[in-house]
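1. Okay, structure incoming, though there's no sequence with it:
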Ligand code: BLA
């Protein structure tokens, strides 16, 4: 059924996962009009659960006046945030067992989900507030990102009971890596440290996860329950973006099968409004997580996100402070000097102290001065000539982490010059400052061959996820650590100070000769 050749991964982005037209069978779903509370659609299993046909009824008749009234009060106003939910455990008039009612609003629909409390309570654990508080205080105590991720994985697993919990972090290109793993020792598979291509979690899924914070699959092999609508509303699909029991993409469920995962969870980790990563839960068998515990897992992911923000901003702040101090030191030297080259290369602090560079250089007309590990002078002059001719006139700086790819003649120097940050000093582009970064000796281990994330399917499905997650080692050559945009900013500021020296020098020469 599977053709071996890879297909375009962007096909994955076309599945409209917010309107799957079905839910998972552990819940029942009713969608009602926000104004009249009349039911406009429901899942096909409502009749079994509630012993009546909800189409034609309204929420008052279906859920009783008390519940309907709470829903109306909370969700009927103008501009209700779709993240806002009403949650209540009740015994409905039509059902003998207590059910968990969760309602939210999406546009002109109110969506109510009912979940039967499990018949055997020993099958699930339920997070106490104390567990959650302890977990959060441990997160607060973690001093580095790695520690915090390890604590988050361990505490989330203790809370939810999954066989394995991973902290998955996206990179700027939306590839991702498992940066922490806590698992049952009997599961020998490990995904720790592996990298996964962006198409494993395609764009529309990331967009949905940015809005809606968690997903739980109880049994990967479930039979989806389709939604049925009243004839009047049959053409407008119900948006299940925020529905807890939304049926997940069959392509993703196939992926889980290939990974050996049955019950699963993913909770969004949002840092400064951006999807930073996911807390991922894996279970080899079906796994039910009680509603309170699901909510606690989301709280924990939020606490982790805040700790990430604190740790990252503290690290960045310290690094920036150190650089600003060095920059003003160099600017002081420049102010005392008529020769920018000696001011930047012959004092206690030099250009080489900036930006974790392995080498630095000045180009002043055709004179090159070098510090640390750099290409030879003629190669630096060739780089300067290339920059002068290729950089658009309105650009004063250039930075890359893969210089040889942009400038093949520099390939022989990749070991010391895979990264390049260069700034022009003057508008005539006669003078430049350059910083070089070494190649990071790197092998990247992927969970499967990243060139073949998607396979062509035949029959009803056009695309299939890869079937092997065997470690696939890619050797990366010619790549350095990237320069940050604040570093480019400091380099540009320094270049401006240098320009002052150059102008002063020119005036002096003009006075002497004139
Ligand atoms: C969704 N893909 C996901 C999700 C994860 C991953 C975590 C979130 C859904 C969930 O809660 O389970 C991927 N899972 C991973 C990764 C690891 C993991 C990387 O455990 C590693 C540790 N996926 C493919 C291909 C396609 C694809 C080829 O590999 C498309 C052709 C699609 N993945 C896909 C889609 C979703 C998804 C459509 C959204 C599922 C949904 O929310 O409906």
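-> Sure, I can see it. Computed from a predicted model, the values in this text were never measured in an experiment. Residues are numbered from 1 along each chain as shown.
2. Okay, buried residues for the helix or strand encompassing residue 137 please.
-> Using DSSP states H and E, the element containing residue 137 is helix 129-141. Buried residues in helix 129-141, counted by 16 or more other Cβ atoms under 10 Å: 131, 132, 135, 136, 138, 139. Every C-beta, even on glycine, is put in place using the N, C-alpha and C of the backbone.
3. Tell me which helix or strand the residue nearest the centre of the chain sits in.
-> The chain has residue 276 as the residue nearest its centroid, 3.2 Å off, counting by Cα atoms, centre = their mean. Counting by DSSP H and E, the element that carries residue 276 is strand 274-282.
4. Would you check the distance separating that strand from the middle of the chain?
-> 7 Å (Cα atoms, centre = their mean, to the nearest Å).
5. from here on, count from 15
-> Okay, residue one is now 15; in that scheme the one you just asked about reads as strand 288-296.
6. Indicate whether the very next helix or strand once past it makes contact with the ligand.
-> Counting by DSSP H and E, the next helix or strand C-terminal to strand 288-296 is helix 305-349. No. Between helix 305-349 and the ligand, judged by Cβ under 6 Å from any ligand atom, nothing touches; the nearest distance is 11.9 Å.
7. outside of the strand holding residue 290, which residues touch it?
-> The contact list for strand 288-296 (Cβ atoms under 8 Å, 6 or more residues apart in numbering) reads 166-167, 170-171, 174, 176-184, 190, 192-193, 215, 220, 223-224, 273, 275, 277-284, 301, 311, 314-315, 318-319, 322.
8. Let's see the ChimeraX selection covering just the buried ones among the residues you listed.
-> In ChimeraX syntax, the buried subset of those is picked out as below (16+ other Cβ under 10 Å):
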select :166,167,170,171,174,176,177,178,179,180,181,182,183,184,190,192,193,215,220,223,273,275,277,278,279,280,281,282,283,284,301,311,314,315,318,319,322
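9. Tell me the helix or strand right after the helix holding residue 151.
-> Using DSSP H and E, the helix or strand that follows helix 143-155 in sequence is helix 159-174.
10. After that following helix, heading C-terminal, what element do we hit next?
-> strand 178-184.
11. can you give me the angle that next one makes with helix 305-349?
-> 40 degrees (axes from the mean of the first three to the mean of the last three Cα atoms, to 10 degrees).
12. Report all helices and strands that the helix holding residue 151 contacts.
-> Contact here means 3 or more Cβ pairs under 8 Å, 6 or more residues apart in numbering; DSSP states H and E; on that basis helix 143-155 packs against helix 159-174, helix 305-349.
13. okay, those helices in CSV with mean pLDDT next?
-> Output for those, formatted as CSV (pLDDT from 0 to 100):
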stretch, mean pLDDT
helix 159-174, 96
helix 305-349, 93
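14. okay, those helices, which one's buried deepest?
-> helix 159-174 (a mean of 22; mean count of other Cβ atoms under 10 Å).
15. Is any residue of it near the ligand?
-> No. Using Cβ under 6 Å from any ligand atom, we find that helix 159-174 stays clear of the ligand, coming within 11.6 Å at best.
16. List the buried residues for the strand holding residue 290?
-> 289, 290, 291, 292, 293, 294, 295, 296.
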